[in-house]
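Novice: for reference, the sequence and a predicted model appear below.
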Amino acid sequence: MVEVFTQISFMILIVLGVSLVMRVLKQPLIIGYIISGIIVGPYFLGILPGVDAINTFSEIGIALLLFIVGLHLTPRVIKEVGRISLITGIGQIIFTCGIGYLIAVLLGFPILTSLYIGMALAFSSTIIIMKLLSDKGDLNSLYGKISIGFLLVQDLVAILILMVISSLSSGADFASQVALTLLKGLLITAVLGAISILILPKFKGFFARAQEFLFVFSIAWGLGIASLFAVAGLSIEIGALIAGVLLSVSPYNYEISSKMKPLRDFFIISFFLLLGAQMTIGYIPQLIVPAIIFSLFVLIGNPLIVMTLMGLEGFTKKTGFLAGLTVAQISEFSLILIVLGVKVGHISNEILSLITLVGMITIAGTTYMVLYGNKIYHLISNYLQIFERKKVNEKKIKYKKVDAILFGYNRIGFGILNSLKKIKRNYLVVDFNPEVVAGLKKMRVPSIYGDVDDDALLRDLPLKTLKIAVSTIPDFETNDFLIETIKEQNPKAIVVVRAHTIEDAMELYKSGADYVLTPHFLGGEYLAGMLRDIKTDREGYKEEKEKHIKMLMERFKKGHDHPEY
């Protein structure tokens, strides 16, 4: 017991040391965790404690991560990105699997082995992308929601494939086995759904008073339902996800999420440690060439496939590009698939080492690609025009003159648009989500579909007669480019942009912004203003309360969820 405790303590110290080096070098911590896994693994220090214990920690981390994902997958969000996620998810799997299979055959691998390789290359890691999007603050962005959607579609397909292979190894009747398993899953979900809707709301007051109980309940609910699904023949991952979805309509979903994050972060480190520790060094020399070829296909080919599919669906090249970067790595399900293939005797341990190596390369590569996606996009955006389907009727501006342009109709843009309506100014809304633009047109709001990073779009806009432009887009590079373009054509125009950090806000002011919106500080400023103006007048607060409730209900009807962070 003391030995295991000492090993875990030493392992955590190594993780800390490597993480500090990564932080000093300004590199993603995920890379540090994987490197730590290699260091503590069997080929170097060999101090990784019992694999079963670490694997359990890893599974708990995965379950907690997907539980938190589910907490933010409200029915509205699922409906919002459902179609594009399904099309992109299924389409990318088919194309990647097919092309990957052909590459493997051309490299001389047997047909069955090539099929396994093609399937392994087709799936991307929801866990890693969720972590990266969370670190980047893009979980609630359009491309973030779409990415999560099609990655979850991939996970479902991967689980079905794993069930097929498992049934082949057990000799069971596959059709009846799948039908029975799905029936169990639906019944469990229905029962738990009824509990979450009919019974849990009665404990609202208790949860509000007993925060510790809310924390314990959240862990028990998430891990308990995950275990229940595992016993029923489904996966822990699907169970954890559904557990979160069932609580997504709860008024405490964001509070639960914030309480669970530190616990998730601790356990999820085990997953990345295992990835590093599973690296088989001995096979590397003979596998390096095919590993590089397959890795390049995943890093470049998968994003191109997603960009093509999303372009055909009418999304901008930027949305397609950023979403495409999220599939530039293989999944933990890919490794599980290959391990299962080895167990049933379809493929050799050499293929397991090959796919593990591809996983290491692509996970490392995609980490940088996702975190620095906006900067990469600005460097190559001129070459991505082929991936954007232009709609002529949307590109033509019918307004010869507008006083105001709102770039980005979202939670913040909603309030700004209402103000523009009240002051009766000629205005125009520009948004890169075709569904948002379609909704605005139904409300007879002057709006066009387009990406602010598109030079052609900005040239078409009546910037020379513009009095004010407001951007609610959170991306620094985009706002910097917007300020430069507008000020170049119309120096007198007022330009208001948005920033996440103080550093970004100061840089945007240097670029010429007339005002920089910092949402994280606005709440405190507004409350300070209320205290200054209303003081202790109860009637004043009652009036503010009524206005606030009215505004919240209006936003709720429109599906404006509060961001996670």
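Specialist: Sure, I can see it.

Novice: CA atoms for contacts and neighbours, from now on please.
Specialist: Noted.

Novice: next SSE after the top helix by length along the chain?
Specialist: Using DSSP state H, we find that the single longest helix of the chain is helix 75-106. Once helix 75-106 ends, the next helix or strand along the chain (criterion: DSSP states H and E) is helix 111-122.

Novice: quick one, strands of the protein?
Specialist: For the chain, strands defined by DSSP state E occupy the ranges 404-407, 427-431, 447-449, 468-471, 494-498, 515-517.

Novice: partners of the last one, with directions?
Specialist: Strand 515-517 has its sheet partners listed here by DSSP bridges as strand 494-498 (parallel).

Novice: average pLDDT for the strand it pairs with?
Specialist: The average pLDDT within strand 494-498 is 91.

Novice: contacts for that strand?
Specialist: Here strand 494-498 makes contact (CA atoms under 8 Å, 6 or more residues apart in numbering) with 467-474, 479, 483, 486, 505, 513-519.

Novice: list only buried entries from those residues.
Specialist: Using 16 or more other CA atoms under 10 Å as the burial test, these include 468-474, 479, 483, 486, 505, 513-514, 516-518 as buried.

Novice: least confident of the residues you listed?
Specialist: Minimum confidence in these sits at Pro474, scoring 82.

Novice: phi and psi next, for that residue.
Specialist: Dihedral angles of Pro474 (phi, psi; degrees, to the nearest 10) stand at phi -80, psi -10.

Novice: all helices of the stretch 301-450 of the chain, in order?
Specialist: With DSSP state H, counting those that start in this stretch as the criterion, the stretch 301-450 of the chain has helices at 302-312, 317-325, 332-343, 349-371, 373-380, 392-395, 411-422, 434-442.

Novice: of these, which approaches Ile128 most closely?
Specialist: Of all the helices of the stretch 301-450 of the chain, it is helix 349-371 that lies closest to Ile128, at 8.0 Å by CA to CA.

Novice: what is the least confident helix or strand in the protein?
Specialist: Every helix and strand of the chain was ranked by mean pLDDT, DSSP states H and E. The lowest is helix 392-395, at a mean of 41.

Novice: that older thread, most packed of the helices of the stretch 301-450 of the chain?
Specialist: Across those, averaging neighbours per residue (mean count of other CA atoms under 10 Å) puts helix 317-325 on top, at a mean of 26.

Novice: give me the helices and strands touching it, please.
Specialist: Applying 3 or more CA pairs under 8 Å, 6 or more residues apart in numbering; DSSP states H and E, one finds that helix 317-325 contacts helix 142-170, helix 302-312, helix 349-371, helix 373-380.

Novice: would you format these as JSON lines with distance to Glu59 and mean pLDDT included?
Specialist: Output for these, formatted as JSON lines (distance: least, CA to CA, whole Å; pLDDT from 0 to 100):
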{"stretch": "helix 142-170", "distance to Glu59": "15", "mean pLDDT": "77"}
{"stretch": "helix 302-312", "distance to Glu59": "27", "mean pLDDT": "92"}
{"stretch": "helix 349-371", "distance to Glu59": "18", "mean pLDDT": "86"}
{"stretch": "helix 373-380", "distance to Glu59": "29", "mean pLDDT": "87"}
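
Novice: and those helices: which comes nearest Met22?
Specialist: helix 349-371 (12.7 Å).
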